[in-house]
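# missing the sequence, but the structure's below:
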């Protein structure tokens, strides 16, 4: 016959119970840390304001919507096209949209002018950089921004980020956009076709590299990218705070092989930010931010700029403070 198991002493039983209680506390704290604020999975409907039909924002939004459907199945995502950064910020600030993408300079301008809801804007992630692209026919005499004087130029839609930077660049080059050129509010959805048909002499675009619409244009029609001189960046910085978010950059030679003749092209770049407001719940914002970071490689296979989303720099959303939900996510994945 086997001996009877030893009976725990009262002290032993007390220690065992204390140990179990401590383990439960630790487990509870761990779950609180790993799960979004200990709350149930996000649910409801969210609206993401994107960009023009042919732009990077819209394509990125379409793929992000698919990723969000997998990660947050109880949340319905509605995409809304827009004219660009300025309109996107107006929509989010007013509550017409919940999340959007906008360039840092457009955000700085919105805040500086104290527009409606500016104080409620919050950042979720720094995404990828937009590169300014000045496109002309290959045989065009335009070799610099200053050469646009007297030309018909597609400057982007009124509510777009490219309209901001195009006007600023031309002024830095000594051109009055209202007098010295014929400015057409042509976005990336129509400007390539207008250039191809000779209706405009040049157009500005600001987007990730490569932008599919520009790439397709270069493959069917001989075009060239005009360099933006570094001196213009210094002049932009001297003109005021929102312009401090522009930096000198170089488009690599393989961005648009047919348009660059195997040479890099100098230009300027500005960061894109994922934006929401303090009205958005911590759980929804954390879940949205998590999907943006985790889906980088999958989305980047189609929208190449998304490959540049980097966890190490995503937290830097200047000029916006981080939303508390995004901050919690970054803390949870900090090495």
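Structure received. Nothing here was measured: the structure is a model prediction, and the numbers come from that model.
# Now residue 60: closest residue in space that isn't a chain neighbour?
Sequence neighbours aside, residue 303 is the residue nearest to residue 60 in space, at 5.0 Å (criterion: CB to CB, 6 or more residues apart in numbering). C-beta coordinates here come from the backbone N, C-alpha and C atoms, glycine included.
# Show me the chain divided up by domain.
42-128+272-332, 130-271 (automatic domain parsing).
# Tell me if I'm right that the residue nearest to residue 60 and residue 209 touch.
No: applying CB atoms under 8 Å as the test, residue 303 and residue 209 come out as separate, 10.9 Å apart.
# Can you check what pLDDT the model gives the residue nearest to residue 60?
We have a pLDDT of 90 for residue 303.
# Output the domains of the chain in CSV, with mean neighbour count appended to each entry.
Rendered in CSV, the data for those read as follows (neighbours: other CB atoms under 10 Å):
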stretch, mean neighbour count
domain 42-128+272-332, 20
domain 130-271, 19
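# Residue 129 looks like it's in a helix, true?
No: residue state for residue 129 (DSSP: H, G, I helix; E, B strand; the rest coil) corresponds to strand; a helix is not indicated.
# Identify the bridge partners of it.
Beta-bridge partners of residue 129, counted by DSSP bridges, are residue 271.
# Quick one, grab the pLDDT at it.
Value for residue 129, per-residue pLDDT: 95.
# Run through the residues that contact it.
Contact analysis of residue 129 by CB atoms under 8 Å, 6 or more residues apart in numbering lists 208, 249, 269, 270, 271, 272, 305, 308.
# any idea which of those residues is closest to residue 238?
Residue 238 has its nearest neighbour among the contacts of residue 129 in residue 270, at 16.7 Å by CB to CB.
# Next one: the closest one relative to residue 48, how far apart?
Look at residue 270 and residue 48: by CB to CB, to the nearest Å, they are 21 Å apart.
# rewinding a little: closest to residue 106 out of the contacts of residue 129?
When the contacts of residue 129 are compared against residue 106 (criterion: CB to CB), the nearest one is residue 270, at 8.6 Å.
# just checking, that closest one touches residue 245?
Yes: if you go by CB under 8 Å, residue 270 and residue 245 touch, sitting 5.4 Å apart.
# which residues do those two both contact?
The contact sets of residue 270 and residue 245 overlap at 103, 104, 105 (CB under 8 Å, 6+ apart).
# Mind jotting down where the strands sit in the stretch 151-300 of the chain?
Here the stretch 151-300 of the chain has its strands, by DSSP state E, counting those that start in this stretch, at 152-154, 182-184, 202-207, 223-226, 247-251, 265-277.
# what bits of this structure have low per-residue confidence?
1-41, 335 (pLDDT under 70).
# State the distance from the residue nearest the centre of the chain to residue 212.
With distances taken as CA atoms, centre = their mean, the residue of the chain nearest its centroid is residue 272 (3.4 Å). Look at residue 272 and residue 212: by CB to CB, they are 16 Å apart.
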